[in-house]
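J.: predicted model and sequence below, questions to follow.
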Amino acid sequence: MNTVRAEDEVVGICADLIRFDTSNFANNEGPGERAIAEHVASLISEVGLSAELFESAPGRANVVSRVEGADPSLPALIVHGHLDVVPALAHEWSVDPFGGEEKDGLIWGRGAVDMKDMDAMILSVMRSMARDGRKPQRDIVFAFFADEEAGGSYGARWAVDNRTELFDGVTEAISEVGGFSADIGGKRAYLLQTAEKGLSWLRLTAHGRAGHGSQINTDNAVTRLARAVTRIGDHQWPIEYTATTRQFLEGVSELTGVEFDESNPQTLLDQLGTVARFVGATLQNTANPTFLNGGYKANVIPGTAEAMIDVRTLPGRHEEVLELVRELAGDGIEISTIHNDVSLETPFAGNLVDAMIDSLHAEDPGAAVLPYTLSGGTDNKSLSRLGITGYGFAPLQLPPELDFTGMFHGVDERVPVESLKFGARVLDRLLTNY
């Protein structure tokens, strides 16, 4: 029997993964994932499992390994992570963002929470099961994708379009941003992600009359664009409750004894501690200006100006929201779509949900488990195009004082060592028994 458990090596694997700079600047810019993909493939093949490494473009590498289950009649499961990370400005950090340093009982570095922590859990469990000769109940596809941070065009989306056979028989998926604990009214609860908002990244372009900055110009592209961006950015989106957010808030109410007042959800959000802002963004649609570009000199009025808008939509509201954004932009603004993707929502029920809850309770008996909606997006969006139902489940038991959700794409990203070991134990139990 294997003497190296998943929890014994998950911390070292996580630190090693962080040391690969896989910064994704979008537009196929950055170091790519080839080096880390080769490392991941070697960790898999080292324990006798097969691993296929394939590129969607030079340097944009993905790794997939299919492990045969004991009962081939059962539908297959995919457990997936992404290998890229958002960029990090080293001068803003207190440590080297790609150092994988262990300090104060935490592993520090870009990707520690998004999502090389989960990649490490997956790899440690795969290796432990292989060393023990343990077969899962069903076929499991383990996938490590490129390019999630820019929409998956070189990763999951590309694989779905070009390597469909990799997903044969797969009906369900497990990935990031769920299964972590939060302090709710002084009680520990785990948030299991069963929904995520849709997204559209839009480019707004305004045209006008170019000219000298000293002249009167009633056809100024910058002015026209600024008005459009202000109208969109200032718009007050109403509170709306999906099935998932309603069930989540009802669960918070039951935990805390605070009444769920639909007209004022803030009283319940106040009970959520560090995750209040994370969850609060899922109670409404959003459209945030994120980028402005116009002009090249102080005394020259440019003929063109452009802005980027990040639109996130609740399930079932995508087209309606985009139409309102177009109205808010107004006349004289061209709108083009840079990236568009679906919202997801699935019931907080079923055998896989039950198995995830059971695996958490085995480590933390009696803890509450609640469904929630993710305001961002994951590669589950791409997999949904094949009819695969996805959940966010990267289990971590976290200290209540750690602002875990605030570190996604933030400075000094870090994850507790003991949380990684907890997650490895939970994931090992789930993948062995489900």
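T.: Looks like it came in fine.
J.: go ahead and measure how far the worst-scoring helix or strand of the chain on mean pLDDT is from the middle of the chain.
T.: Of all helical and strand segments in the chain, the minimum by mean pLDDT, DSSP states H and E falls on helix 276-280, at a mean of 87. Offset of helix 276-280 from its chain centre (CA atoms, centre = their mean, to the nearest Å): 15 Å.
J.: outside of whatever helix or strand comes next after it, which residues touch it?
T.: Following helix 276-280 in sequence order, the next helix or strand is strand 286-294 (DSSP states H and E). Contacts with strand 286-294, where a contact means CB atoms under 8 Å, 6 or more residues apart in numbering, come from 206, 221-222, 225, 229, 232-233, 235, 237, 302, 304-312, 321, 325, 328, 375. C-betas here are computed from N, CA, C, even on glycine.
J.: give me the buried subset of these.
T.: 206, 221-222, 225, 229, 232, 237, 302, 304-312, 321, 325, 328, 375 (16 or more other CB atoms under 10 Å).
J.: so which of those residues sit within strands?
T.: Secondary structure defined by DSSP state E assigns 206, 304-312 of the buried ones among the contacts of strand 286-294 to strands.
J.: ok, and what's touching the least confident helix or strand of the chain?
T.: 191, 248, 265, 269-270, 272, 372-373, 375, 405-406.
J.: any chance of TSV for those, columns pLDDT and secondary structure?
T.: Formatted as TSV, those follow (pLDDT from 0 to 100; DSSP: H, G, I helix; E, B strand; the rest coil):
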residue	pLDDT	secondary structure
191	96	strand
248	96	helix
265	92	coil
269	92	helix
270	90	coil
272	90	coil
372	95	strand
373	95	strand
375	91	coil
405	86	helix
406	85	helix
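J.: and those, which is closest to residue 106?
T.: residue 406 (14.4 Å; CB to CB).
J.: once you drop chain neighbours, what's closest to that closest one?
T.: In space, not counting the residues next to it along the chain, residue 406 is nearest to residue 274; the distance is 6.3 Å by CB to CB, 6 or more residues apart in numbering.
J.: need the pLDDT of that neighbour.
T.: The score at residue 274 is 81. That number is its pLDDT.
J.: picking that back up, in the least confident helix or strand of the chain, what counts as buried?
T.: Per 16+ other CB under 10 Å, helix 276-280 contains these buried residues: 276, 278-280.
J.: what of stretch 269-278?
T.: Residues 269, 271-276, 278 are the ones in stretch 269-278 that count as buried (16+ other CB under 10 Å).
J.: also stretch 30-45?
T.: 30, 32-34, 36-37, 39-41, 43-44.
J.: now swap in stretch 132-141 and tell me
T.: For stretch 132-141, by 16+ other CB under 10 Å, it's 132, 134-136, 138-141.
J.: next: stretch 15-27.
T.: Quick answer for stretch 15-27 (16+ other CB under 10 Å): 15-24, 26.
J.: can you pull out the helices in the stretch 151-300 of the chain?
T.: 156-162, 221-234, 243-256, 266-269, 276-280 (DSSP state H, counting those that start in this stretch).
J.: can you tell which of those helices is closest to residue 386?
T.: The nearest among the helices of the stretch 151-300 of the chain, by CB to CB, is helix 156-162 at 6.0 Å.
J.: export the closest one as PDB, just CAs?
T.: Provided in PDB are the C-alpha atoms of helix 156-162 (Å, rounded to 0.1, in the frame of the first residue of the first chain):
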ATOM      1  CA  ALA A 156     -11.000  24.200 -22.800                       C
ATOM      2  CA  ARG A 157     -12.900  25.900 -25.600                       C
ATOM      3  CA  TRP A 158     -10.400  24.700 -28.200                       C
ATOM      4  CA  ALA A 159     -10.500  21.100 -26.800                       C
ATOM      5  CA  VAL A 160     -14.300  21.100 -26.900                       C
ATOM      6  CA  ASP A 161     -14.200  22.200 -30.600                       C
ATOM      7  CA  ASN A 162     -11.300  20.100 -31.800                       C
END
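J.: in terms of secondary structure, what does that helix contact?
T.: strand 52-57, strand 60-67, strand 140-145, helix 380-384 (3 or more CB pairs under 8 Å, 6 or more residues apart in numbering; DSSP states H and E).
J.: just put these in TSV and tack on distance to residue 8 and mean pLDDT.
T.: Listed next are these as TSV, based on distance: least, CB to CB, whole Å; pLDDT from 0 to 100:
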stretch	distance to residue 8	mean pLDDT
strand 52-57	26	98
strand 60-67	20	98
strand 140-145	19	98
helix 380-384	30	97
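J.: what about the ones you listed, which gets the closest to residue 340?
T.: Residue 340 lies closest to helix 380-384 among those, at 10.2 Å (CB to CB).
J.: and the closest one, what does it pack against?
T.: Packing contacts for helix 380-384, counted by 3+ CB pairs under 8 Å, 6+ apart, involve helix 156-162, strand 170-175, strand 344-345, strand 389-392.
J.: quick check: mean pLDDT of the longest one?
T.: Averaging the model's pLDDT scores along helix 156-162 yields 97.
J.: quick one: it to chain centroid distance?
T.: For helix 156-162 - counting by CA atoms, centre = their mean - the centre lies 18 Å from the chain centre.
J.: one more: the second one?
T.: Here strand 170-175 is found 15 Å from its chain centre; the criterion is CA atoms, centre = their mean.
J.: ditto for the third one
T.: Distance of strand 344-345 from the chain centroid (CA atoms, centre = their mean) equals 14 Å.
J.: contacting residues around it?
T.: 194-196, 242-244, 315, 373, 380-381, 384, 390.
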